[in-house]
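Chemist: My questions are about this predicted structure, shown below with the sequence.
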Amino acid sequence: MAAGVLYTYPENFRAYKALIAAQYSGADLKVAPNFVFGETNKSAEFLKKFPAGKVPAYESADGKVLLTESNAIAYYVSNAALRGTDAATQARVWQWASWADSELLPASCAWVFPYLGIMPFNKQHVERARAELLAALRALDAHLLPRTFLATERVTLADIVVYCTLLHAFQHVLDPQVRASLPNVSRWFSTLAAQPAVTRVLPPPALCAAPPTAPQLNKKDSGDKKKDKKSEKKEQPKKKEKEESAAEPLDELDEKPKESKDPFDAMPKGTFNMDDFKRCYSNEDEAKSIPYFWEKFDPENYSIWYAEYKYPEELAKVFMSCNLITGMFQRLDKMRKQAFASVCLFGADNDSSISGVWVWRGQQLAFPLSPDWQIDYESYEWRKLDPAAADTKRLVHDYFSWSGTDKQGRKFNQGKIFK
């Protein structure tokens, strides 16, 4: 069984290939702690092992195996079931891995990255990339029509590599209408996302909810258009110039969508000031911030909830479990204004649990109030707490101060704050 260290930065989709493969194969793959991209991989020690300075990079436990290409690393930490048990299956697996790198990845990056600000936005280039990726996905959809997985009747490295390559596209550009036109690809992607070995590495991703909109152009237009605007400005008073400039279309690009309404806005504000409490919690120790919470808490208009992860048996490495918490927090970003939580991980590798105490405005479970908030909450059991009960006081103290144990007596390992 392979054993070694993976050097990577957080949420690197290329590194996910090896981490997921290791979950299936049982390989002992650890992520290097304290890795800082741009520093660690530029150090003399790192470059001596990996001269290109690229990540992900793999070093075996005995130091004899050094690898830098993500597909090669994933292959090395896989087992026979993932690689294929005969030459024909192995060839099919590698065919899909190569296809992902040559057909999916370039088109996906060229479509997704301009919307994320990683690449300059050029409408023509984006439309070309969109057409190329959708053409590839239609071919994949036809292949998956009679199949559950890509190469065999079970998950192989082919599925893992293609899944990780398509993560950004499903998160940012493949909106519901596009996904509906690719039913077999969408079914396959959802199936992979729900596999226990996959969820132990990363939670099911939040899928793109609407067609992406182009970033606003800066006003460094070129050519005759720039000259026309310049002459226009000379002829018009300043006030009128500003009004017309604000009304100009963004070069036929889609308009920016309106922000969805915050469900908390329809609820009574009450007397509890969430921002004041968050400042107190951030700047004072628990001996002051927890009494402050109870002094200011408004039980009529705010509620306290206990959440416990339903599937502790699926939790493996501590860092992966922490990724579950971080991923949930990221997808609940729009909920932060009127919510606070302390979520803790108890125990150690292969023997841990996740639970937390949440506070938000209103008396009902908040997540069903907005489609934006419904990605992860069903993986937890939710119980509303009585603010006047002694057990609630104890839970708030333990979770806000990161102390105590879980129900099985596991010791506190680490925590994350949603604020």
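Modeler: Perfect, I can see it now.
Chemist: burial of the residue lying closest to Pro387 once chain neighbours are set aside, as a residue count?
Modeler: Excluding its sequence neighbours, the residue lying closest to Pro387 (C-beta to C-beta, 6 or more residues apart in numbering) is Pro299, at 4.5 Å. C-betas here are computed from N, CA, C, even on glycine. Residues lying near Pro299 (other C-beta atoms under 10 Å) number 13.
Chemist: Over to Phe418?
Modeler: 19.
Chemist: Would you tell me what the next helix or strand after the lowest-mean-pLDDT helix or strand in the chain is?
Modeler: Between all helices and strands in the chain, the lowest mean by mean pLDDT, DSSP states H and E belongs to helix 238-247, at a mean of 39. Of the helices and strands lying after helix 238-247 in sequence (DSSP states H and E), the nearest is helix 274-283.
Chemist: which other residues reach the following helix or strand past that following helix?
Modeler: Proceeding N to C from helix 274-283, the next assigned helix or strand is helix 286-296, under DSSP H and E. Residues from elsewhere that reach helix 286-296 (C-beta atoms under 8 Å, 6 or more residues apart in numbering): 271-273, 276-277, 280-281, 284, 393, 396-397, 400-401.
Chemist: Just give me the least confident of these.
Modeler: Least confident of these in the model: Glu284, at 88.
Chemist: picking that back up, any idea of the pLDDT on the residue nearest to Pro387?
Modeler: pLDDT recorded at Pro299 is 96.
Chemist: Doesn't it lie inside a strand?
Modeler: No: checked against DSSP: H, G, I helix; E, B strand; the rest coil, Pro299 lies outside a strand; its state is coil.
Chemist: does the residue nearest to Phe35 when sequence neighbours are not counted have beta-bridge partners, and which?
Modeler: Leaving aside its chain neighbours, Phe35 sits nearest to Tyr7 (5.7 Å; criterion: C-beta to C-beta, 6+ apart). Per DSSP bridges, the residues bridged to Tyr7 are Ala57.
Chemist: which ones are touching Tyr7?
Modeler: 31-32, 35, 40-41, 46, 50, 55-59 are the contacts of Tyr7 under C-beta under 8 Å, 6+ apart.
Chemist: Out of the contacts of helix 286-296, which comes closest to Val318?
Modeler: Taking C-beta to C-beta as the measure, Val318 sits nearest to Ser401 out of the contacts of helix 286-296, at 20.2 Å.
Chemist: pLDDT weak spots in the chain?
Modeler: Applying pLDDT under 70 to the chain flags the ranges 216-260.
Chemist: All the strands of it, in order from the start?
Modeler: Per DSSP state E, the chain carries strands over the ranges 3-7, 28-31, 57-60, 66-67, 302-309, 339-348, 351-361, 380-385, 412-418.
Chemist: With distance to Tyr75 as added columns, please give the ones you listed in TSV.
Modeler: TSV is the format used below for those (distance: least, C-beta to C-beta, whole Å):
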stretch	distance to Tyr75
strand 3-7	13
strand 28-31	13
strand 57-60	11
strand 66-67	9
strand 302-309	32
strand 339-348	29
strand 351-361	29
strand 380-385	35
strand 412-418	32
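Chemist: Considering the contacts of Tyr7, which possesses the most neighbours?
Modeler: Tyr58 (27 neighbours).
Chemist: any idea how far Val77 is from it?
Modeler: 8 Å (C-beta to C-beta, to the nearest Å).
Chemist: Give me the common contacts of those two.
Modeler: 4, 18.
Chemist: Let me see the contact set for Phe189.
Modeler: 163, 166, 170.
Chemist: Looking at these, which one is closest to Ser108?
Modeler: Using C-beta to C-beta, the contacts of Phe189 come closest to Ser108 at Leu166, 6.8 Å.
Chemist: does that closest one really touch Ala107, like I thought?
Modeler: No: using C-beta atoms under 8 Å, Leu166 is not in contact with Ala107, being 10.6 Å away.
Chemist: and these two? which has more neighbours close in?
Modeler: When Leu166 and Ala107 are compared for neighbours, Leu166 comes out ahead with 25 against 21, by other C-beta under 10 Å.
Chemist: Could I get the contacting residues of the more buried one?
Modeler: 104, 108, 189.
Chemist: and what of Thr405?
Modeler: 346, 411-412.
Chemist: Which of these are buried, as a ChimeraX select command?
Modeler: Per 16 or more other C-beta atoms under 10 Å, the buried members of the contacts of Thr405 correspond to this ChimeraX selection:
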select :346,412
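Chemist: Can you add distance to Ser321 and give the contacts of Thr405 back as TSV?
Modeler: Converted to TSV, the contacts of Thr405 look like this (distance: C-beta to C-beta, whole Å):
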residue	distance to Ser321
Phe346	10
Lys411	14
Phe412	13
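Chemist: Pick the one among the contacts of Thr405 closest to Val185.
Modeler: Of all the contacts of Thr405, Val185 sits closest to Phe346, with 38.3 Å by C-beta to C-beta.
Chemist: Okay, the closest one and Val318: tell me how far apart.
Modeler: 10 Å.
Chemist: which neighbours do those two share?
Modeler: Residues touching both Phe346 and Val318 (C-beta under 8 Å, 6+ apart) are 352, 413.
Chemist: all helices in the stretch 1-150 of the chain, in order from the N-terminus.
Modeler: Taking DSSP state H, counting those that start in this stretch, the helices of the stretch 1-150 of the chain run over residues 13-25, 44-49, 70-77, 80-83, 87-99, 105-116, 123-144.
Chemist: Single out the most deeply packed of those helices.
Modeler: Counting by mean count of other C-beta atoms under 10 Å, helix 13-25 has the highest mean neighbour count of these, with a mean of 25.
Chemist: Can you spell out which helices and strands pack onto that helix?
Modeler: strand 3-7, strand 28-31, helix 70-77, helix 80-83, helix 157-172, helix 196-199 (3 or more C-beta pairs under 8 Å, 6 or more residues apart in numbering; DSSP states H and E).
Chemist: Include distance to Val357 when you put these into a markdown table, please.
Modeler: Formatted as a markdown table, the entries for the helices and strands packed on helix 13-25 read as follows, by distance: least, C-beta to C-beta, whole Å:
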| stretch | distance to Val357 |
| --- | --- |
| strand 3-7 | 33 |
| strand 28-31 | 28 |
| helix 70-77 | 37 |
| helix 80-83 | 40 |
| helix 157-172 | 29 |
| helix 196-199 | 23 |
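Chemist: right, so of these, which gets closest to Ala339?
Modeler: Across these, closest to Ala339 is helix 157-172 (C-beta to C-beta), at 22.7 Å.
Chemist: could you give the angle of the closest one to helix 105-116?
Modeler: Orientation of helix 157-172 against helix 105-116 (axes from the mean of the first three to the mean of the last three C-alpha atoms, to 10 degrees) gives an angle of 20 degrees.
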